[in-house]
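Engineer: Predicted model and sequence below, questions to follow.
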Amino acid sequence: MPPPLWTVTPFLLLLAAVALLEVLAAGWWSRLAHKALIAGLAATPAALHLLFTDGGTTALAHSLSEYLSFLALLTALFVIAGGIEVRGSLAGTPLSNAGMLAVGAVLANVVGTTGAAMLLIRPLLRANARRASRTHLVVFFILIVANAGGLLTPIGDPPLYLGFLKGVPFAWTLRLWGPWLFVNAVLILLFNLVDQFLVNREERRDPAAGLLDELIVHRPLRLAGRRNVLLLGAVIVVLIGKGTVTLPFGVPEAALLTIAWVSYRITPRAIHDGNHFTVGPIASVAVIFAGIFVTMTQPLLLLNAHAQQIGLHQPWQYFWASGALSSTLDNAPTYLAFTSVAAGQLGISVDDPTYLASLINVPGGTELLAAIACGSVMMGALTYIGNGPNLMVKEIAEERGVLMPHFFAYALLAAVILLPVLVAATFLFFASTG
């Protein structure tokens, strides 16, 4: 029996708190203890309801296990990336900045959106340290490197990794190269135009400052902390092993956290200092998403219970529905929710832990899964809480003195930039009735 409708209230209140407190009480909200207080107040009634409901304990345990897996992976990638420092400096020209975003879109598929974001955000900000206008750099960085870039491999973004664990072949996501190339290429082109406009405006305002001359100056790049590159490889091995070998819950998570601990211990302090590495960003993500994963349990149960009444049938409908939910709910559980809806509508039981292997082998299943994957990954960029790296990048940028938009302002700006591109992608890739 599905939970009553009122049980979605803690989830909605938590989302509202994350959005409003950042705007109305930014100083108070910046403290980790206060974030933990709000997350705890929202999560407690949701957890109590589940604990005293038939089947609720199992659902809560499932949500918590997904949260721990999610957090272990993000922590490992965050710590390892914080131990790799790109020294020297790229030129801060619009063309060079666009090139770094393009590199990030590719790298996200090798080390994940979290790893690529943590590795490249600091060099990008350092190369543009003399710029007066830097907010747009971070916004486009979140759109591309922290989200849309990681579409081509299960390692790229958590939803795709969950799909791999549930039966999607490792190389299946490579078929998404068309939407990946189109969306990222258009975003990089738009970024280049905006960045060039802002550079020219800054130069006109103060020609004597010689901004353009400073931006083209760069020092040879070199990589410090190369041992952490090997640890990134170890993370990839653990992730692949988790999908191919049956292991008790906690073993892969413990392995990932052990790798993170080893990375932290072997990384020289000078590298952490050079990266301005702190645990603040990952701690904020851990606290907020703990509340989200607990309070989202009832909304997901309701969604699954009413799958037949939802009315989704076409790939484009799944693309936008999964994307809309990903922007307010983490994209990993959103992916699972809509793949279960799609499977149910095609007569596939989700009792099989590898049910997605069946989904892609029935007529129309591949098209629906592709739409869900693209929507979940790409539209996770529309808010700060749509994907774990979004908040991390924001926190790091603010630590480096970049004035970032508040929750609503960022959501509006991201929508203005991204939604027209996604509308075009809908007609190009998902308009077929399947």
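Structural biologist: Okay, I see it. Numbering: from 1, shown residues only.
Engineer: Counting by contacts, list what the helix or strand hosting residue 110 packs against.
Structural biologist: Taking DSSP states H and E as the criterion, residue 110 maps to helix 94-127. Judged by 3 or more C-beta pairs under 8 Å, 6 or more residues apart in numbering; DSSP states H and E, the packing partners of helix 94-127 are helix 56-82, strand 85-89, helix 135-143, helix 177-205, helix 227-244, helix 388-399. Just so you know, the C-beta spots here come from the backbone N, C-alpha and C atoms, and that holds for glycine as well.
Engineer: For the spatially most central residue of the chain, give me its contacts.
Structural biologist: Per C-alpha atoms, centre = their mean, the C-alpha nearest to the average position across the chain is that of residue 387, at 2.9 Å. Contact analysis of residue 387 by C-beta atoms under 8 Å, 6 or more residues apart in numbering lists 113, 146, 147, 157, 158, 326, 330, 331, 380, 381.
Engineer: can you put the residues you listed in JSON lines and add distance to residue 408 and pLDDT?
Structural biologist: As requested, the contacts of residue 387 are exported to JSON lines (distance: C-beta to C-beta, whole Å; pLDDT from 0 to 100):
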{"residue": "113", "distance to residue 408": "23", "pLDDT": "91"}
{"residue": "146", "distance to residue 408": "19", "pLDDT": "94"}
{"residue": "147", "distance to residue 408": "19", "pLDDT": "95"}
{"residue": "157", "distance to residue 408": "24", "pLDDT": "89"}
{"residue": "158", "distance to residue 408": "25", "pLDDT": "82"}
{"residue": "326", "distance to residue 408": "18", "pLDDT": "87"}
{"residue": "330", "distance to residue 408": "19", "pLDDT": "72"}
{"residue": "331", "distance to residue 408": "20", "pLDDT": "82"}
{"residue": "380", "distance to residue 408": "17", "pLDDT": "91"}
{"residue": "381", "distance to residue 408": "15", "pLDDT": "93"}
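Engineer: Those residues in helices, which ones?
Structural biologist: Within the contacts of residue 387, residues falling in helices by DSSP state H are 113, 158, 326, 331.
Engineer: I'd like to know how many residues surround the second one.
Structural biologist: Using other C-beta atoms under 10 Å, residue 158 has 29 neighbouring residues.
Engineer: That one contacts residue 77, correct?
Structural biologist: No: taking C-beta atoms under 8 Å as the definition, residue 158 is not a contact partner of residue 77, at 10.5 Å.
Engineer: if we can go back for a sec, report how many residues lie close to the residue nearest to the residue nearest to the centre of the chain when sequence neighbours are not counted.
Structural biologist: Spatial nearest neighbour of residue 387, chain neighbours left out: residue 380 (3.7 Å); criterion: C-beta to C-beta, 6 or more residues apart in numbering. Other residues near residue 380 come to 35 when the count uses other C-beta under 10 Å.
Engineer: thought residue 380 was touching residue 391?
Structural biologist: No: the pair residue 380 / residue 391 is not scored as a contact, 11.6 Å apart, by C-beta under 8 Å.
Engineer: before we move on, the earlier item: mind putting the contacts of residue 387 in JSON lines, distance to residue 49 included?
Structural biologist: Shown next, in JSON lines, are these (distance: C-beta to C-beta, whole Å):
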{"residue": "113", "distance to residue 49": "33"}
{"residue": "146", "distance to residue 49": "33"}
{"residue": "147", "distance to residue 49": "32"}
{"residue": "157", "distance to residue 49": "31"}
{"residue": "158", "distance to residue 49": "26"}
{"residue": "326", "distance to residue 49": "25"}
{"residue": "330", "distance to residue 49": "21"}
{"residue": "331", "distance to residue 49": "25"}
{"residue": "380", "distance to residue 49": "27"}
{"residue": "381", "distance to residue 49": "32"}
